[in-house]
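A.B. asks: Curious how this folds, go ahead:
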Amino acid sequence: TEYGTKCEWEELLMDNKFAIVTFVVGRNHLDIFEIVKPSWVAYAGKCKADLVVVDDYVDRASLAGRAPMWQKLLVLNLPMLRKYQQVLFLDIDILINPDSPSIFDTDTREKVGIVRHQALFYPEIATIQHLRYLKLMGASEKGPEAAEQIGKCFVDYYSNYGLSLASTLIFNTGVMLFSPSIQGQFFEGIYHKYEMDAFDQEQTALNYELIVNENYLELDFRFNAQVGAILSRDYPFLHLTDEQAVRYLSNANFCDVSFLCLNNVIELNYFAHFSGLKWPFLVIESGVRDGFTPVNFKDAAKKIWGPN
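C.D. replies: You can find the predicted model right below:
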């Protein structure tokens, strides 16, 4: 199917074999992307890759029934990408370490290069992903039924979506390396096959199809270092929701400590993926050479939730 779309930042489109692609729509998402964009531009130059930013919906007809992120499955099969040997799709909330090696040196063997869910790398998964997540989401305060439902998010990951799969393997689909000519139709086929959201929008369906079709090659986890799990394991005092963290951003000491910890995560990995967390970007954006300018609570709230 041919869809109409537009691409911003045309000056970043050259004649390279590789491309870095993302999908960004909405003012709040654009604000986040403006923070990480310089690291993407530098990395694209280092890897001799074009930067393609799709800034409009590809198929508006489905927006009433599914989350906008399903659109990325169509973005990955756009005609403009077919000229590239390899394409790297990135979610917009990823900050790239400038010292990262080129991900395009990876031979994906005609499969989709992807990183498993970060928590699966840790033997403490029950604590990091389940117990602390339940506490973070205030499950105990929402009653036993809500607590059980939240707790099943990853325990019964596939069956919660009506799928049967004897595997606990889960990937984070915010970083994917693939050949458009080989995988483009695969992604679009998933878009048309499923008609409703999972709790993580399109990720459950995409995970299922990758696994049952044996169409994945695992990448070095540093190419998708999911910050939430890392904070839970290494810096539990920073394992906060946006609503919790934004109340501390007027405290210069909190901002200083947060920056040091976040900078360490970035330096030890290649792609730091914030997976929906917005408050760390306010800390990163507010950083100055000799410390931090405390963030005004109202200004911070506007950046996280918008003017309303």
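A.B. asks: contacting residues around the nearest residue to Ser62 once chain neighbours are set aside?
C.D. replies: In space, and not counting its chain neighbours, Ser62 is closest to Trp70: 6.5 Å by CB to CB, 6 or more residues apart in numbering. In short, each C-beta sits where N, CA and C put it, glycine included. Counting by CB atoms under 8 Å, 6 or more residues apart in numbering, Trp70 makes contact with 62, 191, 197, 201-202.
A.B. asks: ditto for Val36
C.D. replies: 92-96, 281.
A.B. asks: Check the offset of the helix or strand harbouring it from the chain's centre.
C.D. replies: Assigned by DSSP states H and E, Val36 belongs to helix 27-47. Distance of helix 27-47 from the chain centroid (CA atoms, centre = their mean, to the nearest Å) equals 13 Å.
A.B. asks: Could you pull out the buried residues of stretch 172-190?
C.D. replies: 172-180, 183-184, 186-188, 190 (16 or more other CB atoms under 10 Å).
A.B. asks: and the closest residue in space to Leu163 that isn't next to it in sequence, backbone torsions?
C.D. replies: The shortest distance from Leu163 to any non-neighbouring residue, by CB to CB, 6+ apart, is to Tyr208 (5.2 Å). Here is the backbone geometry of Tyr208 (degrees, to the nearest 10): phi -60, psi -50.
A.B. asks: looking at it, Tyr208 is touching Ser164, isn't it?
C.D. replies: No. With contact defined as CB atoms under 8 Å, Tyr208 does not reach Ser164; the gap is 9.4 Å.
A.B. asks: Same drill for those two, tell me which one is more crowded.
C.D. replies: Applying other CB atoms under 10 Å to Tyr208 and Ser164 shows that Tyr208 carries more neighbours, namely 21 against 8.
A.B. asks: Contact partners for that one?
C.D. replies: Contacts of Tyr208 by CB under 8 Å, 6+ apart are 158, 161, 163, 165.
A.B. asks: go on, Lys72?
C.D. replies: Lys72 touches 23, 89, 202, counting by CB under 8 Å, 6+ apart.
A.B. asks: what's the pLDDT at it?
C.D. replies: At Lys72, the model reports a pLDDT of 92.
A.B. asks: quick one on the thing from earlier: looking at the contacts of Val36, which are in strands?
C.D. replies: Among the contacts of Val36, DSSP state E puts 94-96 in strands.
A.B. asks: Could you export those as JSON lines, including neighbour count and pLDDT?
C.D. replies: Output for the ones in strands among the contacts of Val36, formatted as JSON lines (neighbours: other CB atoms under 10 Å; pLDDT from 0 to 100):
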{"residue": "Ile94", "neighbour count": "25", "pLDDT": "96"}
{"residue": "Leu95", "neighbour count": "23", "pLDDT": "95"}
{"residue": "Ile96", "neighbour count": "24", "pLDDT": "95"}
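A.B. asks: And those, which is closest to Glu34?
C.D. replies: Using CB to CB, Leu95 is the member of the ones in strands among the contacts of Val36 that lies nearest Glu34, at 12.1 Å.
A.B. asks: For the closest one, list the residues it contacts.
C.D. replies: 35-36, 39, 266, 271-272, 274, 284.
A.B. asks: okay, now the nearest residue to Pro101 once chain neighbours are set aside: neighbour count?
C.D. replies: Once flanking residues are discounted, Pro101 sits nearest to Tyr270: 7.2 Å by CB to CB, 6+ apart. For Tyr270, the neighbour count with other CB under 10 Å is 21.
A.B. asks: Alright, that wraps it up for me.
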